[in-house]
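Visitor: dropping the sequence and predicted coords here.
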Amino acid sequence: MDNMNLTLKIWRQKNAQDKGKMTDYNVTGISEHMSFLEMMDVLNEQLINSGDEPVAFDHDCREGICGSCSMFINGEAHGPVKGTTTCQLHMRSFSDGDTIYIEPFRAKAFPVIKDLIVDRSAFDRIQHAGGYISINTSGNTQDANATPIPKENADLAMDAAMCIGCGACVATCKNSSAMLFVGAKVSQYALLPQGQVESKMRAQNMVAQMDAEGFGNCTNTGACMVECPKGIDLSNIARLNRELLSGSLT
Ligand code: SF4
Ligand code: FES
């Protein structure tokens, strides 16, 4: 179908102080081959042409790797298709005549800046608290391939490294917990020899920062994993808890 007509109910909020409200729009001539963000571009062109303010939304790569396209679509982070970011969601997942609800990711630690854009710098501060490794910078650096790593650990570390920091896990969690994100970041290093230098403090420091930012506690509901576009597994939270425990014992 090359000519879908849709009703959009979109959260409009002028700034962080504004109360915000849902506003109705109609878009016409939407192709099923368009991405969801291209559909939003069509709406914004329409708004600009009629002298209205376009809807502010975050995006960068538009290919599922930067994690910036945060939107709650019909009550689901990144919309209805599993394992898919908003930018990779296509309009063929919707039908002519549909009404689509579009809201920002909501969490105390992700305040709305404008319309659909939220401030996710809390994730950056958590990363800065421990999401890094120390390496030999002497000029005599050993080739990374000279360090043996069990295949299973290399695969699990790669799976954890798939996290794009989008925040869908937080937006989906009833407690606004960031444990899946932090679990992925801690696991990525905990599984590799290169991550051992800071291993005692990494989990402690990142979780302390997570708490300071106002994210909630994990109650093992698992909604985060269901909505994560990169399939980050709950076992990463278990590994984070083991790292926390071993850090606190030594
Ligand atoms: S764990 Fe998944 S949902 Fe959470 S930030 Fe990473 S990629 Fe996004
Ligand atoms: S715009 Fe980069 S992941 Fe969607």
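Guide: Ah, there it is. Residues are numbered from 1 along each chain as shown. Ligands and ions are numbered 1, 2, ... in the order given.
Visitor: contacts for stretch 13-20, please.
Guide: Residues outside stretch 13-20 that contact it (C-beta atoms under 8 Å, 6 or more residues apart in numbering) are Trp11, Arg12, Lys21, Pro104, Pro111, Val112, Ile113, Lys114, Asp115. Where you see a C-beta, it was placed from the backbone N, CA and C, and this is true even at glycine.
Visitor: pick the one among these closest to ligand 2.
Guide: Closest approach to ligand 2 among the contacts of stretch 13-20 (C-beta to the nearest ligand atom): Pro104, at 14.5 Å.
Visitor: correct me, but the closest one touches Ser70?
Guide: Yes: counting by C-beta atoms under 8 Å, Pro104 does reach Ser70; the two are 6.8 Å apart.
Visitor: what's the residue closest to the geometric middle of the chain?
Guide: Centrality entry for the chain: nearest residue to the mean C-alpha point is Cys166, 1.4 Å, by C-alpha atoms, centre = their mean.
Visitor: and that residue, how far from Ile149?
Guide: As judged by C-beta to C-beta, to the nearest Å, Cys166 and Ile149 stand 27 Å apart.
Visitor: next one: Ile133
Guide: Separation of Ile133 from Ile149 (C-beta to C-beta) stands at 14 Å.
Visitor: any common contacting residues for Pro104 and Ser70?
Guide: Leu116, Ile117, Val118.
Visitor: from those, which land in strands?
Guide: Ile117, Val118 (DSSP state E).
Visitor: now the shared contacts of Pro104 and Ser70 as CSV including neighbour count and distance to ligand 2?
Guide: Formatted as CSV, the shared contacts of Pro104 and Ser70 follow (neighbours: other C-beta atoms under 10 Å; distance: C-beta to the nearest ligand atom, whole Å):
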residue, neighbour count, distance to ligand 2
Leu116, 25, 12
Ile117, 19, 12
Val118, 24, 14
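Visitor: angles on the backbone of the residue in the chain sticking out farthest from the centre, please.
Guide: Residue farthest from the centre of the chain, counting by C-alpha atoms, centre = their mean, is Asn140 at 37.4 Å. Phi and psi for Asn140, reported as degrees, to the nearest 10, are phi -100, psi 30.
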